[in-house]
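Undergrad: Let me see the structure of the following:
(2 chains)
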Amino acid sequence: MIRAKGMPFLLPKGSLVAETIALIDFGAGNLHSVHNALIATGASGVVVTADPDVVAAADRIVLPGVGAFGACRDALAGIDGMIAALERRVRQEGTPFLGICVGMQLLADKGIEFGEHQGLGWIGGTVHAIEAASADIKIPHMGWNDVTPTTGHDLLEAGEAYYLHGYHFDAADSEDIFATTFHGRKLVSAIGRDNIVGVQFHPEKSQAYGLAFLKRFLEWKP
Amino acid sequence: MTVRIRVIPCLDVADGRVVKGVNFVDLKDAGDPVEQARAYDAAGADELCFLDIGASHEKRDTIIDVVRRTAEVCFMPVTVGGGVRTADDARALLMAGADKVAVNSAAVSRPEVVSDIAGRFGSQCMVASIDARSVEQGRWEIFTHGGRTRTGIDALEHAARMAELGAGELLVTSMDRDGTRDGYDLSLTRAISDAVAIPVVASGGVGTLDHMVEGVTKGGANAVLAASIFHFGQHSISEAHDALRAAGLPARHSS
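TA: Numbers count the residues shown, from 1 in each chain, chains lettered A, B, ... in the order given. As a prediction, the model looks like this:
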C-alpha cells in the first residue's frame, strides 16, 4: 500500500480492497478542506500526494485548486513528472478524475488570467474573467447557487452548491458541459468527458449536497 | 435563479473561546467555537465568520487550531479575521482550512498587504474588513483597533481602493451600530455597495430579521452578517432564509 509521508492513513472499512484516492498536493490552499470532506464521505484510502508515482497507480484522482490559473498551472507543472503521470493515468488508462474550481479550469486549453497560460487541454475551451452583465452582478461569483444538470450525468444532481470564482470555463463544445449555473449569464458548473469531470463549485464547502456529490464520485464507474 | 443572499453568523473568538461583545466591551462567554460552528453548519448557515478579537500576535496558534478543528467537521466556507497582518498570516489560516481571510487594520496602515494576499492566494480569499463610523451626514471614516482609533480616511475611498488592490469582498461594519440591535447603517452599506463591483457583506447592528432584509433591499448587500440574534437563539438560520425569501430575495432553503 502506498502512503504519503506524514499523512494519516486510515484502514479500509468494510471492503477487502481499498482504493487509493490521490489528492494532488501542488500547494493549493484548500487541500485540507477537500481531504476532510473526502474522509467525511467515508473514503478510506485518501493519499495527499505530490508524488507522480502515487498518481500513476491511483484508483481515483482529485485535483483541487484555488487562486490564479497561471500560478496553479505553474505549480502543477513544477512537480517533475506530474503532468505526464496525470496524462497517462487519466487519459490513457481511464482512471476517474475530479477537478475542483481551478483544478477544473486547468482542464481547458488555456486560461486568460494575469496573462495567457496553457492549460492541460483535456477539455476544449478557454478560461476567461466573468464579465458582469449589469452593475448589480458582483464579481467574484461568491455564494450558493444552482447546479442545473444539462445531460443525465451520473455524478450531477440538481441542487445548490457553493461557488467562489471570478473566472469561468468557456467551453468549446457544449456537449462537454454537464451542468450550468446562472449569475447574470449562464456559467459552466460542471464539465468533462468520459472518466473526467470538473466542477466549478466547491463540493468540500457545499454541506450535504457537496458531500453527496463526493460520495458519488468515489463510487463512480465511468 | 441567481446567487443566493448569504446569511453569515459571526463568532467573535478570544483565546479560543466564543465571546460576544456589545460595542466591543462587556463580553459574555458563549462557548466553544468549534461546537458552535458545527451547529451552524448543521443549521444550513451559508458561511461562517470567525473574528479573532483581542488576541495578541503571539497567540495566533490558538485561532489556527480553532480553524483546523472546525474545517474537520464543518463543510461550509469559513472566513477568519482579526490580527491578519501579512500574507504569511493569511497563508497559515488558509492552510488550516479557512477559505477567506479578512484583513482590517493592516489594510489601512499597509494597503499593499491586500495585493500581496490577492496575488499569492487569489482575490476570492481576500476580504477587506472595513470598520466605519459616521463623522457627518453622508460621510464615514475608517476606524481601526476595534473602533477606537480614527484614521481620517474616507470609508468610500478606502473601499474603492481595497477593490482596486484585489480584495474579492468587503465586510462593512458600522461601528456606530455594532452591538446596538438598531439595524445596519443602510446608507453606509448602500454607498459602499454602489461604489464597488465586488460583493459586500453588511455587518453591525442586526436586531431583527427585517434588518437583514433591509441590508439587501436598501443597503444593497450581497450577504448579511449577524451575531447575537443567532447566538442567543432569538432566530434560526432558516428563519433568516425564510425572511429573505418572503421579501422576494434569493435565499437557500436550509433545513
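Undergrad: switch to C-alpha atoms for all contacts and neighbour counts from now on
TA: OK.
Undergrad: what's next to the strand or helix carrying B:Ala102, contact-wise?
TA: Applying DSSP states H and E as the criterion places B:Ala102 in strand B:100-103. Contact with strand B:100-103 is made by B:77-85, B:90, B:93-94, B:114, B:124-129, B:171, as judged by CA atoms under 8 Å, 6 or more residues apart in numbering or on different chains.
Undergrad: ok, it: who's next to it in the sheet?
TA: The sheet places strand B:100-103 alongside strand B:78-81 (parallel), strand B:126-136 (parallel), with pairing taken from DSSP bridges.
Undergrad: Alpha carbons only: can I get the longest one in CSV?
TA: It stands for strand B:126-136. Presented in CSV, the C-alpha positions along strand B:126-136 are these (Å, rounded to 0.1, in the frame of the first residue of the first chain):
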residue,chain,number,x,y,z
MET,B,126,-9.1,38.3,0.3
VAL,B,127,-11.8,40.0,2.3
ALA,B,128,-11.2,43.7,3.2
SER,B,129,-12.8,44.4,6.5
ILE,B,130,-14.0,47.9,6.8
ASP,B,131,-14.9,49.4,10.2
ALA,B,132,-16.5,52.8,9.6
ARG,B,133,-18.2,55.4,11.7
SER,B,134,-20.3,58.3,10.6
VAL,B,135,-18.4,61.6,11.0
GLU,B,136,-21.0,63.8,9.4
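Undergrad: What separation is there between the residue nearest the centre of chain A and A:Leu120?
TA: Nearest residue to the geometric centre of chain A (CA atoms, centre = their mean): A:Gly99, 1.6 Å. Distance, A:Gly99 to A:Leu120, by CA to CA, to the nearest Å: 12 Å.
Undergrad: which residues do the two both contact?
TA: A:Leu107.
Undergrad: Low-confidence ranges, the chain, go.
TA: Defaulting to chain A. By pLDDT under 70, the low-scoring segments of chain A are A:1-17, A:28-29.
Undergrad: My question was about chain B, not that one.
TA: Along chain B, segments meeting pLDDT under 70 span B:20-30, B:55-58, B:255.
Undergrad: Just say helix, strand or coil for the residue nearest to the centre of chain A.
TA: strand (DSSP: H, G, I helix; E, B strand; the rest coil).
Undergrad: Give the bridge partners for it, please.
TA: The partner residues for A:Gly99, given DSSP bridges, come to A:Leu63, A:Gly198.
Undergrad: ok, longest helix in chain A?
TA: Taking DSSP state H as the criterion, chain A has its longest helix at helix A:207-219.
Undergrad: what comes up buried for it?
TA: A:207-215, A:217-218 (16 or more other CA atoms under 10 Å in any protein chain shown).
Undergrad: Grab the nearest non-local neighbour of A:Pro52.
TA: Among residues not flanking A:Pro52 along the chain, A:Met82 sits closest, at 4.8 Å (CA to CA, 6 or more residues apart in numbering or on different chains).
Undergrad: on that earlier part again, is it true that the residue nearest to the centre of chain A touches A:Phe201?
TA: No. The criterion here is CA atoms under 8 Å, and A:Gly99 misses it with A:Phe201 at 10.1 Å.
Undergrad: got a list of what the residue nearest to the centre of chain A touches?
TA: So A:Gly99 contacts A:62-65, A:105, A:107, A:197-199 (CA under 8 Å, 6+ apart).
Undergrad: quick one on the thing from earlier: out of the buried residues of helix A:207-219, which is nearest to chain B?
TA: Chain B has its nearest neighbour among the buried residues of helix A:207-219 in A:Gln207, at 4.9 Å by CA to the nearest CA.
Undergrad: quick one on the thing from earlier: what is the nearest of the contacts of A:Gly99 to chain B?
TA: Looking across the contacts of A:Gly99 and measuring by CA to the nearest CA, the closest to chain B is A:Gly65, at 10.3 Å.
Undergrad: What ranges does the chain have for its strands?
TA: Assuming you mean chain A. A:21-24, A:46-49, A:60-63, A:97-100, A:110-112, A:116-118, A:125-129, A:141-149, A:159-165, A:167-171, A:177-182, A:186-193, A:196-199 (DSSP state E).
Undergrad: The intended chain is chain B.
TA: Listed in chain order, the strands of chain B (DSSP E) span B:6-14, B:17-22, B:25-31, B:48-52, B:78-81, B:100-103, B:126-136, B:139-144, B:149-154, B:169-174, B:200-203, B:223-226.
Undergrad: okay, the fifth one in PDB with CA atoms only?
TA: These are the backbone C-alpha positions of strand B:78-81, laid out as PDB (Å, rounded to 0.1, in the frame of the first residue of the first chain):
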ATOM      1  CA  VAL B  78     -15.200  29.900   6.700                       C
ATOM      2  CA  THR B  79     -13.800  33.500   6.800                       C
ATOM      3  CA  VAL B  80     -11.300  34.300   9.500                       C
ATOM      4  CA  GLY B  81     -10.500  37.900  10.500                       C
END
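Undergrad: So what's the gap between it and the chain middle?
TA: Remark: strand B:78-81 is offset 8 Å from the chain centroid, using CA atoms, centre = their mean, to the nearest Å.
Undergrad: quick one: contacts of that strand?
TA: Against strand B:78-81 from outside (CA under 8 Å, 6+ apart): B:47-52, B:93, B:97-104, B:129.
Undergrad: What of the longest one?
TA: With contacts defined as CA under 8 Å, 6+ apart, strand B:126-136 is touched by B:81, B:100-104, B:107, B:114, B:117-118, B:140-144, B:146-147, B:155, B:159, B:162, B:166-176.
Undergrad: angle of it against strand B:169-174?
TA: Here strand B:126-136 runs at 30 degrees with respect to strand B:169-174, directions being taken by axes from the mean of the first three to the mean of the last three CA atoms, to 10 degrees.
Undergrad: what does chain B have sitting close to chain A?
TA: Counting by CA under 8 Å from any CA of the partner chain, chain B comes close to chain A at B:1-6, B:41, B:44, B:46, B:71-77, B:91, B:94-99, B:120-124, B:168-169, B:197-199, B:252.
Undergrad: can you do 7 Å?
TA: Contacts of chain B with chain A, taken as CA under 7 Å from any CA of the partner chain, map to B:1-4, B:6, B:71-72, B:75-77, B:94-95, B:97, B:121-122, B:124, B:168, B:197-199.
Undergrad: Show me these that map onto helices.
TA: If you go by DSSP H, the residues of chain B next to chain A have B:71-72, B:94-95, B:121 in helices.
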